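1. dropping the sequence and predicted coords here.
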Amino acid sequence: MENDGKRRAFLKVLGLGSVSLGTAGYSVVMEAEKAEKKPHYGMIFDQNKCVGCTDCEVACRKVNAVPEGQVRLYVENKTDPETPMEKKYVRVSCQQCEEAPCVAVCPSKACHRDAKTGIVSMNPDDCIACKYCIVACPYDVRFINHKTKAAENCNFCLNTNLAKGKEPACVEACKYKALVFGDLNDEASYINQILHVKDSVRMKPTFGTKPSLRYIPVVKVGV
Amino acid sequence: MNGAINFTYGFSHGVEWGWPIAVYLLLAGISGGALIVALLVRFYKKQHEDTPLLKAASLVSFVTIAFGMVFLVGDLEKPLYFWKILINYNFTSVMSIGVMAISIYIPLTLVMCLYLFEKEISMVLAKKSQLLDYFALVMGILRKFRPLIEVLSVVFAVVICAYTGFLISVLVRFPILNTAILPALFVVSGLSAGTASASMVATWFFKEDAHSSDMKTLHVIEWPIMAVEMMLIAMLFVSLLVGNEFQQTTTVAFQSGVYANLFWFGVMGVGFGLPLVLNFALGKHVAHSKMAFYLSGMASVTGVLCLRMFIIYAGQTFGV
Ligand code: SF4
Ligand code: SF4
Ligand code: SF4
């Protein structure tokens, strides 16, 4: 057994040596890096396309069994009363922060970052419902689920649609393509292609939370 | 904040951390404050006997922190899951750090009580001689560590007061809470509520003479503590007033509405005004009366409760 381990270590050294020498080894390293690179899921909300139909809200509640009267996702009407004909809506939901205060403050690690996907999610069984995460979230998008008695946030349908290989329920439901979901670490992904050509902003960037949600705002350019 | 796009809707319902938390913060402050003051008086005066003040402070600190835990755990929606904190310990969470500190602090206050009430406990146990033997054995060992336990008690009492401030000062959404002054304010107001509680209990239960040397000392340090407390509150207000646009909007909390009343009548009027009037404005006769002593002590504690309530409620009402 012990010998075996030693031999493997020896082979590893040999392997590393050849990698640094030959170009053939180079591609091997590339391969390994690719496999290690974790996804970083993000979402775009395009205000120019959203009509405020709330289909996304309905789909979310159904797929994730959110109790009556509660939401993970809300479409807020932000139409300026001065210009009532120019409708404006904004998606309100967890911003999937890279530096997430909710994860930092949770005393029981119920609110955590999923190891495989990097998505901020919940383990309802560990939640003691102290609400620390709710008051710590700068975006006020967490709540105690009446049924599970645990805190909850939008987790891109991690345990529901994503687990089945589908897109998040809201993205699926939006007939107007106002929502785009994808891997920000994948240069070729559709979400990155859009971000390359369109201006987008993050909510409350001054909090230093590095949200993964991007918003494409309605911008009026003169007549 | 960016002007291009924004949302103002939130999923929480106003004040998520309500009065049980404010009461917990008060009790933790009293507990820490009482022990700090009594032990510092002991160290400073190099006392070796068990004074009524130390007796009172030990009892107060143990009872208040124990009750505090009841409020803290009772406010959870799943109180029976409290043990999960201990299993899934999170080093980045002030709450986890606080729970760890409390689980050291409560035994410390308990041991302090054992030291100070050794005679009384022995008397109760006298009927069951076997238990009495065990107790004497345990106390024999504990007595060796008393100087160490006393120092540790002061250290952890400060940690307890300060952590309650850090607990809520990390909440970046709320400008009134998210300030560096808050932990300091909680330590100092804890001292003033702790001093008042310990001196009231010492005179009421342990027959301390209201004009004894220890009580005089407390009476002297009471006012500088109050002055520092007022200064810290003023600093908090000014830092909001000269802050960014979100900090400025929160100053309304001090100016109008129910929270402003709580602040001006409760914190300023009852907490600071009443003790000052009773002790300085109405002449020596009133100032030295028993009634004034208890009334001003209770006013101090009420004032600190109002301060905690104001911070918790107004703090969470004015969010960014
Ligand atoms: S938006 Fe709030 S709930 Fe979502 S990751 Fe950020 S801090 Fe956590
Ligand atoms: S409410 Fe639950 S998820 Fe939120 S901080 Fe408390 S234990 Fe963690
Ligand atoms: S489904 Fe699409 S268009 Fe309708 S409210 Fe949601 S994001 Fe807007």
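-> Cool, the structure landed. Ligands and ions are numbered 1, 2, ... in the order given.

2. report the secondary structure state of the residue of the stretch 1-150 of chain B found nearest ligand 3.
-> Using Cβ to the nearest ligand atom, the closest approach of the stretch 1-150 of chain B to ligand 3 is made by residue B:7 at 13.0 Å. (C-beta placed from N, C-alpha, C; glycine too.) Secondary structure, DSSP: H, G, I helix; E, B strand; the rest coil: residue B:7 is coil.

3. what's the host helix or strand of residue B:227 packed up against?
-> Following DSSP states H and E, one finds residue B:227 within helix B:213-241. Judged by 3 or more Cβ pairs under 8 Å, 6 or more residues apart in numbering or on different chains; DSSP states H and E, helix B:213-241 is in contact with helix B:19-44, helix B:52-74, helix B:181-205, helix B:245-249, helix B:290-317.

4. secondary structure element for residue A:90, which one?
-> strand A:89-93.

5. let me know the average pLDDT across the helix holding residue B:227.
-> Average pLDDT, helix B:213-241: 94.

6. and for stretch A:144-152?
-> 95.

7. same check on stretch B:293-302?
-> Averaged across stretch B:293-302, the pLDDT comes to 95.

8. any low-confidence regions in chain A?
-> A:1-36, A:221-223 (pLDDT under 70).

9. ok, 50 please
-> Scanning chain A for pLDDT under 50 picks out A:1-29, A:31.

10. mind giving me the domain split of it?
-> Following automatic domain parsing, one finds the domains of chain A at A:1-37, A:41-216.

11. quick check: which of the ones you listed is nearest to ligand 3?
-> Closest approach to ligand 3 among these is made by domain A:41-216 (3.2 Å; Cβ to the nearest ligand atom).

12. any idea how far that closest one is from the chain center?
-> Centroid displacement of domain A:41-216 relative to its chain, using Cα atoms, centre = their mean, to the nearest Å, is 7 Å.

13. start to end distance for it?
-> 17 Å (Cα to Cα, to the nearest Å).

14. again, but for stretch B:195-214
-> End-to-end distance for stretch B:195-214: 11 Å, by Cα to Cα.

15. rewinding a little: mean pLDDT for the helices and strands packed on helix B:213-241: which is lowest?
-> For those, mean pLDDT drops lowest on helix B:245-249, to a mean of 90.

16. what packs against it?
-> Looks like helix B:245-249 contacts helix B:213-241 (3+ Cβ pairs under 8 Å, 6+ apart).

17. and the helix it packs on, how far out from the chain's middle?
-> For helix B:213-241, the distance to the chain centre is 14 Å (Cα atoms, centre = their mean).

18. just to revisit the earlier point, alpha carbons of the helix or strand following the strand holding residue A:90, as PDB, please.
-> Remark: after strand A:89-93, the chain's next helix or strand is helix A:101-105, criterion DSSP H and E. Taking Å, rounded to 0.1, in the frame of the first residue of the first chain, the C-alpha atoms of helix A:101-105 are listed here in PDB:
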ATOM      1  CA  PRO A 101     -23.700  39.000   3.400                       C
ATOM      2  CA  CYS A 102     -26.500  36.400   4.000                       C
ATOM      3  CA  VAL A 103     -24.000  33.600   3.800                       C
ATOM      4  CA  ALA A 104     -21.500  35.500   5.900                       C
ATOM      5  CA  VAL A 105     -23.900  36.100   8.800                       C
END
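
19. okay, helices next: where are they in chain A?
-> A:2-21, A:23-36, A:55-63, A:101-105, A:132-136, A:169-173, A:190-197 (DSSP state H).

20. and the helices and strands packed on helix B:213-241: which comes nearest residue A:176?
-> helix B:245-249 (33.3 Å; Cβ to Cβ).

21. buried residues, the closest one. List them.
-> Neighbour counts over helix B:245-249 (16 or more other Cβ atoms under 10 Å in any protein chain shown) mark B:246-247 as buried.

22. can you name every helix or strand that whichever helix or strand comes after it contacts?
-> Next in sequence after helix B:245-249, counting helices and strands by DSSP H and E, comes helix B:252-255. Judged by 3+ Cβ pairs under 8 Å, 6+ apart, helix B:252-255 is in contact with helix B:258-261, helix B:290-317.

23. still on that earlier bit, want to throw the domains of chain A into a markdown table with distance to residue B:313 and mean neighbour count?
-> Shown next, in a markdown table, are those (distance: least, Cβ to Cβ, whole Å; neighbours: other Cβ atoms under 10 Å in any protein chain shown):
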| stretch | distance to residue B:313 | mean neighbour count |
| --- | --- | --- |
| domain A:1-37 | 47 | 10 |
| domain A:41-216 | 13 | 19 |
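
24. now these as a markdown table including distance to residue B:86?
-> Listed next are those as a markdown table, based on distance: least, Cβ to Cβ, whole Å:
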| stretch | distance to residue B:86 |
| --- | --- |
| domain A:1-37 | 34 |
| domain A:41-216 | 9 |
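
25. pipe those into JSON lines and attach distance to ligand 3 per row.
-> Output for the domains of chain A, formatted as JSON lines (distance: least, Cβ to the nearest ligand atom, whole Å):
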{"stretch": "domain A:1-37", "distance to ligand 3": "30"}
{"stretch": "domain A:41-216", "distance to ligand 3": "3"}
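
26. and among the helices and strands packed on helix B:252-255, the most buried is which?
-> Across those, averaging neighbours per residue (mean count of other Cβ atoms under 10 Å in any protein chain shown) puts helix B:290-317 on top, at a mean of 21.
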